[in-house]
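*Asks:* Below is the structure, and that's it, no one-letter string:
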């Protein structure tokens with residue numbers, strides 16, 4: 001058996017084990033979302049992660065559409081930290097950034113009551 005064949009067989013075997021291993025399931029949107037928040041990568045959050053994190057940390061229930069809009073805003077304006085959010089909301093309220101009021105409210109609802117220390121505690 002060639003070295004390439006052994007390597008390919010090993011890779012396929014590992015992939016099959018990981019795919020069928022319940023303990024190796026991908027992390028939940030809540031876990032990945034919290035990790036992105038804690039690491040300063042808010043602009044990488046998905047709509048699903050935003051919904052999970054908003055519910056967990058702020059008690060805010062966002063619709064799929066609101067969560068996707070928040071994800072798009074975070075990405076488009078490279079918002080990655082609480083201070084970025086504050087600056088964005090302030091600029092939007094002053095009319096410097098054109099944002100629908102409902103979308104701005106969804107962003108505010110998600111992050112206004114969020115305690116950054118709670119994020120780290122949940123990841124421990």
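*Replies:* Thanks, I have it. The shown structure was predicted, so the numbers you read here are calculated from the model rather than taken from an experiment.
*Asks:* where exactly do the helices run in this protein?
*Replies:* Assigned by DSSP state H, the chain shows helices spanning 3-20, 29-38, 47-53, 64-76, 82-93, 101-111, 116-123.
*Asks:* In terms of mean pLDDT, which of the ones you listed ranks lowest?
*Replies:* For these, the weakest mean pLDDT is recorded on helix 3-20, namely a mean of 45.
*Asks:* Please name the residues that touch the spatially most central residue of the chain.
*Replies:* Residue closest to the average C-alpha location in the chain (CA atoms, centre = their mean): residue 45, at 2.8 Å. Applying CB atoms under 8 Å, 6 or more residues apart in numbering, we find residue 45 in contact with 33, 36-37, 53, 70-71, 74. Where you see a C-beta, it was placed from the backbone N, CA and C, and this is true even at glycine.
*Asks:* repeat that for 6 Å
*Replies:* 33, 36, 71, 74 (CB atoms under 6 Å, 6 or more residues apart in numbering).
*Asks:* tally of neighbours for residue 58?
*Replies:* 18 (other CB atoms under 10 Å).
*Asks:* What of residue 91?
*Replies:* Neighbours of residue 91 (other CB under 10 Å): 13.
*Asks:* That one contacts residue 98, correct?
*Replies:* No - here residue 91 does not reach residue 98: they are 10.3 Å apart, not a contact under CB atoms under 6 Å.
*Asks:* who touches both of these two?
*Replies:* With CB under 6 Å, 6+ apart, residue 91 and residue 98 have no common neighbours.
*Asks:* show me what contacts the residue lying closest to residue 42 once chain neighbours are set aside?
*Replies:* Of all residues not flanking residue 42 in the chain, residue 80 sits nearest, at 4.7 Å (CB to CB, 6 or more residues apart in numbering). Each residue near residue 80 by CB under 6 Å, 6+ apart is listed here: 40, 42-43.
*Asks:* And residue 54, by the same measure?
*Replies:* Taking CB under 6 Å, 6+ apart, one finds 60, 62, 110 in contact with residue 54.
*Asks:* ditto for residue 52
*Replies:* Residue 52 makes contacts with 29-30, 33, as judged by CB under 6 Å, 6+ apart.
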